[in-house]
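Colleague: just the structure for this:
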Amino acid sequence: MKVAVVLLGLLALQCVAAKVFFEDRFDSDFAGRWVQSSYKGKDQGALKHAAGEFSDNKGLQCSEDMRWYTTSAEMTEEFNNEGKPLVFQFTAKLPKKFDCGGAYIKILPAGLNQKNFDGDADYNIMFGPDICGYSTSKIHTIFNYKGKNLEKTDEVKLGYSDKDEFTHLYTLIVNPDNTYDIQFDGVSKASGKLEDGWKFLPPKEIDDPTDKKPSDWVDEPKMVDPEDKKPEGYDDIPKQIRDPDAKQPEEWDEESDGEWEAPMIDNPEYKGEWKPKMIDNPDYKGEWKAKQIANPEYFTDDKLYHFKSSKFVGIEVWQVNGGTVFDNILVTDDVEYAKKMADEVWKGVVDAEKKLKEAEDAKKKAEEEANKKDDDEDDDDDDEDDKKEEL
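Modeller: Got it, this is the predicted structure:
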């Protein structure tokens, strides 16, 4: 019985200890909460408290094309995530036409000069979608570790089809056991050990610098077939020949036009430059690789996840097409609260957007059908007028 009471007590303490360090659902204008940087001058885009297309849900909107957007907000308190999860979550609604740009957000340490916040400012995490046509469509996740910004070693593909005009949810969970989970709309896109996903640590093994490739090592998988010989007369076959079917034009005058010659055409007998056949090399030993030895510079770190100071949330992006709406930004150590917030807020927003879009599509379809009907009636009237004129 006492054990059960102790466990319940510990659980209660954990629930009390869980905190929300930053949350902005943009229910009201963000002026006063967010500070816009002036470092980009006239290239700094205007931020608005607005909703996107077929949406009543307002957020922080990047309203202009071909502009930088740089703004930041302070957390309720400085956050040290030692021994705790770090959950970074937000929604972003990209405009229908979004050719190129980022929609990621940063967590930054204490000491940020908000008025001069720029791309060189130190940050802990940069997270969110990065899209530029069909070539780049991914969820950026960059960690700062010992002064270096580390990109994920393999891309977390967003999939161009995922980039639509609806609001989407982006979630990053960093756990105190050095694991992570990157989610899109509540579904895991990538997860595992931090050290496997980013180059936090030196490799455990390296090439043995004393190991050299043997002089007789054969690393060519193919070789020229020694039995293959060039056929006799092969080089005598011309690349082009006179067209045997061409006829001298009747109006051709040899005195004024000169002697007539048939035009040149590609020779169907020509086979190109002769090259001997390639065969498998019987002496091939495969690609040579040096022996692996333990890396003397390798070390372990059980606190890859740890940031001593997190104090600000910042947006620093370039957008070709304006219109992105950021909303529901959350920094917490409570995974369950983040899930609850997503269920309560994001799903309702998307459901409402889909209903509005369905209504808009139905209205557009009705207008198109009405216009088509008017055009058909006009064509019928024209046909009747033509018949009357004939009579």
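Colleague: show me what counts as buried in stretch 349-356.
Modeller: For stretch 349-356, burial by neighbour count (16 or more other CB atoms under 10 Å) applies to Val349, Val350, Glu353. Glycine gets a C-beta too; all of them are placed from N, C-alpha and C.
Colleague: remind me which residues of the chain are low pLDDT?
Modeller: Judged by pLDDT under 70, the chain has its weakly predicted residues at 1-17, 99, 133-135, 159-163, 373-391.
Colleague: how close does the residue most central in space within it sit to Gly197?
Modeller: Centroid-nearest residue in the chain: Lys138, 2.0 Å away (criterion: CA atoms, centre = their mean). Distance, Lys138 to Gly197, by CB to CB, to the nearest Å: 13 Å.
Colleague: equivalent analysis for Met126, please.
Modeller: The value you get for Met126 to Gly197, if CB to CB is used, is 15 Å.
Colleague: repeat that for Ile206.
Modeller: 20 Å.
Colleague: between these two, who's got more neighbours?
Modeller: Neighbours were counted for Ile206 and for Gly197 using other CB atoms under 10 Å; Gly197 has more, 20 against 15.
Colleague: is it correct that that one is in contact with Lys152?
Modeller: Yes: using CB atoms under 8 Å, Gly197 is in contact with Lys152, at 5.5 Å.
Colleague: residues shared between the contacts of these two?
Modeller: Ala190 (CB atoms under 8 Å, 6 or more residues apart in numbering).
Colleague: you'd agree Glu250 is in a strand?
Modeller: No: assigned with DSSP: H, G, I helix; E, B strand; the rest coil, Glu250 falls outside any strand and is coil.
Colleague: quick check on it: phi, psi?
Modeller: phi -60, psi -30 (degrees, to the nearest 10).
Colleague: how near is it to Arg67?
Modeller: 70 Å.
Colleague: repeat for Trp260
Modeller: Trp260 is 68 Å from Arg67, by CB to CB.
Colleague: could you do Asp225 as well?
Modeller: 62 Å.
Colleague: quick one: residues contacting Tyr69.
Modeller: Counted by CB under 8 Å, 6+ apart, Tyr69 has contacts Gln44, Gly45, Leu47, Cys62, Ile315, Glu316, Val317, Trp318, Gln319.
Colleague: still on that earlier bit, the more surrounded of Asp225 and Arg67?
Modeller: Neighbours per residue (other CB under 10 Å) separate Asp225 from Arg67, with Arg67 holding more: 21 against 12.
Colleague: strands of the stretch 1-150 of the chain, start to end?
Modeller: According to DSSP state E, counting those that start in this stretch, the stretch 1-150 of the chain carries its strands in the segments 20-24, 34-36, 47-50, 59-62, 67-79, 86-93, 100-102, 105-108, 125-132, 136-145, 148-151.
Colleague: what comes up buried for the longest one?
Modeller: Within strand 67-79, the residues that qualify as buried by neighbour count (16+ other CB under 10 Å) are Arg67, Trp68, Tyr69, Thr70, Thr71, Ser72, Ala73, Glu74, Met75, Phe79.
Colleague: centre of the chain to that strand, how far?
Modeller: Relative to its chain's centre, strand 67-79 lies at 23 Å (CA atoms, centre = their mean, to the nearest Å).
Colleague: between it and strand 86-93, how many degrees?
Modeller: On the basis of axes from the mean of the first three to the mean of the last three CA atoms, to 10 degrees, strand 67-79 is oriented at 150 degrees to strand 86-93.
Colleague: give me the distance between Val87 and Ile182.
Modeller: 12 Å.
Colleague: so what sits against both of these two?
Modeller: In contact with both Val87 and Ile182: Thr171, Leu172, using CB under 8 Å, 6+ apart.
Colleague: show me where this structure has helices.
Modeller: 2-17, 194-197, 254-257, 335-341, 347-390 (DSSP state H).
Colleague: report the buried residues of the second one.
Modeller: What that stands for is helix 194-197. Under the neighbour-count criterion of 16+ other CB under 10 Å, helix 194-197 has Leu194, Gly197 buried.
Colleague: can you check stretch 52-72 too?
Modeller: 52, 54-55, 57-64, 67-72.
Colleague: you'd agree Phe88 is up against Ile107?
Modeller: Yes: using CB under 8 Å, Phe88 is in contact with Ile107, at 6.1 Å.
Colleague: mutual contacts of these two, please.
Modeller: With CB under 8 Å, 6+ apart, Phe88 and Ile107 have common neighbours Ile125, Phe127, Val331.
Colleague: which of those are buried?
Modeller: Buried, going by 16+ other CB under 10 Å: Ile125, Phe127, Val331, out of the shared contacts of Phe88 and Ile107.
Colleague: quick one: contacts for the nearest residue to the last one once chain neighbours are set aside?
Modeller: Distances taken as CB to CB, 6 or more residues apart in numbering place Phe22 nearest to Val331, at 4.1 Å, with adjacent residues excluded. By CB under 8 Å, 6+ apart, the contact list for Phe22 reads Ala73, Met75, Thr76, Val313, Ile329, Leu330, Val331, Thr332.
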